[in-house]
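Asker: structure of the sequence below:
(one chain, ligands or ions: 1)
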Amino acid sequence: MKKVLTNICYLCGKPLGPPTNADHPVMQQLFAPEIRRKYNISKLLTLGVHKSCNTAYKHDEDYFVRTLMPFARGSESGNAIYAKVLNDYRVGKEVLLTRKVLREFDPTPGGLILPGGKVVKRFESERLRRVAWKMVRGYTSITRVKCFPNNERESRTDISQVQLQLHGLRVASRRGLHQLRREDRGADP
Ligand SMILES: [Zn+2]
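Answerer: Sure thing, here's the model as predicted:
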């Protein structure tokens, strides 16, 4: 773990003082443990932040990983995090959150049958925005490009790109939904 020394908590913009802890601006949990071991990702950069500022993001970061995870399959890292989330579910970790994400898939939105076997995937966009913006702020703090305050909104270009990407994720294949549901049923006793 490489620590970047700083006197300011990049999450709230105030001077650092105890209790503090090390925050991963690029979330460590985006990478499954086996990927972290294989590629030595445990050495991700960290920034000192107030402990309370750090923990205030935990639930949204957990949601971020799980709600986007179904779309990450196909890459080595995506497959690994997909398998990890389902395994966590089977052993009783984050069960409610994973079930919530499963309910975000809707094969008949508003009673409509979508063409081509498509389903709708809904997101809590403000939670995704908050986590994405945290990563942008952390990265820019590390690279000393600019330290953004928490209440500063993204530039129009940045947010429109995020919205475009989210729009592209809104429709998932029915096959993916069926697989998730099959695995969901398999996880229940
Ligand atoms: Zn802080």
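Asker: contact partners of the longest strand seen in the chain?
Answerer: Longest strand of the chain, by residue count under DSSP state E: strand 45-50. With Cβ atoms under 8 Å, 6 or more residues apart in numbering as the test, strand 45-50 has contacts from 1-6, 9-12, 14, 16-17, 19-26, 138, 141-142. C-beta here means a position set from N, CA and C on the backbone, and glycine is covered the same way.
Asker: ok, which stretches of this structure are helices?
Answerer: 33-38, 51-55, 58-68, 76-90, 95-103, 125-142, 156-169, 174-187 (DSSP state H).
Asker: how about the residues of the protein near the ion?
Answerer: Neighbours of the ion within the chain, by Cβ under 5 Å from the ion: 9, 11, 12, 50, 53.
Asker: give me the buried entries from those residues.
Answerer: Applying 16 or more other Cβ atoms under 10 Å to the residues of the chain next to the ion, the neighbour count classes 9, 11, 50, 53 as buried.
Asker: can you list those residues in a markdown table and add pLDDT and distance to residue 59?
Answerer: Output for those, formatted as a markdown table (pLDDT from 0 to 100; distance: Cβ to Cβ, whole Å):
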| residue | pLDDT | distance to residue 59 |
| --- | --- | --- |
| 9 | 93 | 19 |
| 11 | 94 | 15 |
| 50 | 96 | 17 |
| 53 | 96 | 14 |
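Asker: and the furthest pair within those residues?
Answerer: Spatially, the most separated pair among these is 11 and 50, at 7.0 Å (Cβ to Cβ).
Asker: which intervals of the protein have sub-threshold pLDDT?
Answerer: Residue ranges of the chain with pLDDT under 70: 1-2, 144-189.
Asker: repeat the analysis, applying 50 as the threshold.
Answerer: 152, 154-175, 187-189 (pLDDT under 50).
Asker: hmm, who's touching stretch 17-29?
Answerer: 1, 3, 9-11, 36, 41-42, 44-54, 61-62, 64-65, 131, 134-135, 137-139, 141-142.
Asker: swap in 7 Å and give it another go.
Answerer: For stretch 17-29, contacts defined as Cβ atoms under 7 Å, 6 or more residues apart in numbering pick out 1, 3, 44-51, 54, 61, 65, 135, 138-139, 142.
Asker: for ChimeraX, what selects the buried ones among the residues you listed?
Answerer: Here is the ChimeraX command that picks out the buried ones among the contacts of stretch 17-29, judged by 16+ other Cβ under 10 Å:
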select :44,45,46,47,48,49,50,54,61,65,135,138,142
